[in-house]
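Engineer: my questions are about this predicted structure, shown below with the sequence.
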Amino acid sequence: MRAVDPARIVPAHLPPPPKGRTLVIGAGKASAVMAKAVEDHWQRPLSGIVITRYGHGSPCRQIEIVEAGHPLPDAAGGDATRRMPDMLHGLTLDDLVLALISGGGSALLVQPLGPVTLAEKQTVTKALLGSGADIGEINCVRKHLSAVKGGRLARAAAPARLHALILSDVAGDDLSVVASGPTVPDPTTQADALAVLARYRVEVPKSVESVLADPRLETPKPGAPEFIRVKNEIVGSGLLALRAAAKMAEAAGVRVIQLGDEITGEAREVAGKQAELAKAELGKGPAIILSGGETTVTVKGEGHGGRNSEYGLALAIALRGEPNIWAIACDTDGIDGNGDNAGVLVTPYTLSRAGARGIDPAEALARNDSYGFFLQLEDLVRTGPTRTNVNDFRAIFIAS
């Protein structure tokens, strides 16, 4: 977590000051701490606005910090987002826009396009989040229903120079996906968005259909002139966190099996595969399996739990009480889904302790109630907001 702390990593990436004004805009779970880091290391006047999730704020003197809804957008995010284009209006070639972008920005940066209302955007987002669609597919739709995502914020900043500092929370660090790429050319199309909605059988209102059918409302593409003076720079990522964890483990004499930060797919299926890998390493000496990325959960039950909690429950079931394996699975922002936990701990005693309390793990998994399962065992990991966000962190420790 220290390796991806915005206060530590942002200052080294600040660009030279401009001749004219410096305006700061941004959105994401880490954006407020990123703004504080800019203020603490910028020697000239600043102004601007940054939107973060409720509870993820950080005190700033010159940059306004607005807290808003996540993962479902709300009016606070909408009101703050609508002010950004007005702030950007009238900038010149001598001015600089610093865009502070991190995961979570897709929900926080919200200005529905055309006739689409906030309530309709909320409904579509909620349906996609529970459909099993991955983050790239969800953000493809979000971009095409937004007046600021998919490169449109960069368009509003022209002709000023725009330098985006990005804390990546997506597998493979695709900048067009992080926060739905407000400063990045959009390689996806309206047809792609329609295909996602059809694939997951998400019903949408007429307003959404009309926006996705209007070619005049397509997002700006690679090579568009509005990106000539735009620089998008990754300052931190899940891979950076995994490398830091690997270095610590190796220093302790533990063999590292690094799976990387691009793990996707259904949380319970990923857990099953990683359980088999862990069992195959038994008897080879102490080892740790590290992985990041972003899994998905197709919600079919009425329980409560995020993707890391579901992964942990499925992992415990697959390990069947193996006495030499422990694991942790957490979201690095400190919030797993909509819960108050970052994730969960799995131990060799998870299943036996559940059995002693009359808790059926398979039933809990079928109901998507991983939070309730680990709550009763007191094995939820609660950190509170970490004010950074490089997606999921999973570690499976094989003792011998």
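Structural biologist: Perfect, thanks for sending it. Numbering: from 1, shown residues only.

Engineer: can you give me phi and psi for T296?
Structural biologist: Main-chain torsions, T296, degrees, to the nearest 10: phi -130, psi 160.

Engineer: any idea how far it is from V270?
Structural biologist: According to CB to CB, to the nearest Å, T296 and V270 sit 9 Å apart. Every C-beta, even on glycine, is put in place using the N, C-alpha and C of the backbone.

Engineer: likewise G355?
Structural biologist: Taking CB to CB as the measure, G355 falls 25 Å from V270.

Engineer: do G305 as well
Structural biologist: G305 is 15 Å from V270, by CB to CB.

Engineer: likewise for G236?
Structural biologist: Distance from G236 to V270, by CB to CB: 23 Å.

Engineer: can you check A12 too?
Structural biologist: Distance, A12 to V270, by CB to CB: 34 Å.

Engineer: which one of those two is surrounded by more residues?
Structural biologist: Just comparing A12 and V270: by other CB atoms under 10 Å the higher neighbour count belongs to V270, 25 against 8.

Engineer: so what's the residue nearest to that one when sequence neighbours are not counted up against?
Structural biologist: Nearest residue to V270 in three dimensions, chain neighbours excluded: T295, at 5.2 Å (CB to CB, 6 or more residues apart in numbering). Contacts for T295 were tallied using CB atoms under 8 Å, 6 or more residues apart in numbering; they are 263-267, 270, 307, 310-311, 392.

Engineer: in strands, which of those residues fall?
Structural biologist: D392 (DSSP state E).

Engineer: tabulate the contacts of T295 (CSV), appending distance to L109 and pLDDT.
Structural biologist: Output for the contacts of T295, formatted as CSV (distance: CB to CB, whole Å; pLDDT from 0 to 100):
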residue, distance to L109, pLDDT
I263, 26, 94
T264, 23, 91
G265, 27, 92
E266, 28, 95
A267, 26, 96
V270, 29, 98
R307, 22, 95
E310, 27, 97
Y311, 28, 98
D392, 22, 95
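
Engineer: quick one, which of the contacts of T295 are buried?
Structural biologist: 263, 266-267, 270, 307, 310-311, 392 (16 or more other CB atoms under 10 Å).

Engineer: so which of those residues is the closest to M248?
Structural biologist: M248 lies nearest to D392 out of the buried ones among the contacts of T295, by CB to CB, at 18.0 Å.

Engineer: ok now stretch 167-174, how far from the chain's centre?
Structural biologist: 8 Å (CA atoms, centre = their mean, to the nearest Å).

Engineer: endpoint to endpoint, it covers what distance?
Structural biologist: 11 Å (CA to CA, to the nearest Å).

Engineer: list the buried residues for it?
Structural biologist: 167-173.

Engineer: tell me the domain boundaries of the protein?
Structural biologist: Per the record, the chain has its domains at 2-111+146-185+220-236, 239-398, by automatic domain parsing.

Engineer: and H70, its phi and psi?
Structural biologist: According to degrees, to the nearest 10, H70 has phi -160, psi 140.

Engineer: isn't it up against L108?
Structural biologist: Yes. Counting by CB atoms under 8 Å, H70 does reach L108; the two are 5.8 Å apart.

Engineer: got any residues that touch both of those two?
Structural biologist: R53.

Engineer: who's more crowded, the two?
Structural biologist: More crowded of H70 and L108, by other CB under 10 Å: L108, with 32 against 26.

Engineer: show me what contacts the more buried one?
Structural biologist: So L108 contacts 27-28, 31, 51-53, 68-70, 73, 77, 81, 179 (CB under 8 Å, 6+ apart).

Engineer: rerun at 10 Å
Structural biologist: Listed by CB atoms under 10 Å, 6 or more residues apart in numbering, the contact set of L108 reads 26-29, 31, 50-54, 56, 66-71, 73-74, 76-78, 80-81, 102, 179.

Engineer: derive a PyMOL selection command for the buried subset of those residues.
Structural biologist: Buried residues within those, by 16+ other CB under 10 Å, are selected in PyMOL with:
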select buried, resi 26+27+28+29+31+50+51+52+53+56+66+67+68+69+70+71+73+74+76+77+78+80+81+102+179
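
Engineer: please flag which of the contacts of L108 sit within strands.
Structural biologist: Those of the contacts of L108 lying in strands (DSSP E): 26-27, 50-53, 66-68, 102.

Engineer: take these and lay them out in CSV including distance to Q376 and pLDDT.
Structural biologist: Formatted as CSV, those follow (distance: CB to CB, whole Å; pLDDT from 0 to 100):
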residue, distance to Q376, pLDDT
G26, 39, 97
A27, 36, 98
V50, 39, 98
I51, 36, 98
T52, 32, 98
R53, 27, 95
V66, 37, 98
E67, 31, 98
A68, 33, 97
S102, 33, 97
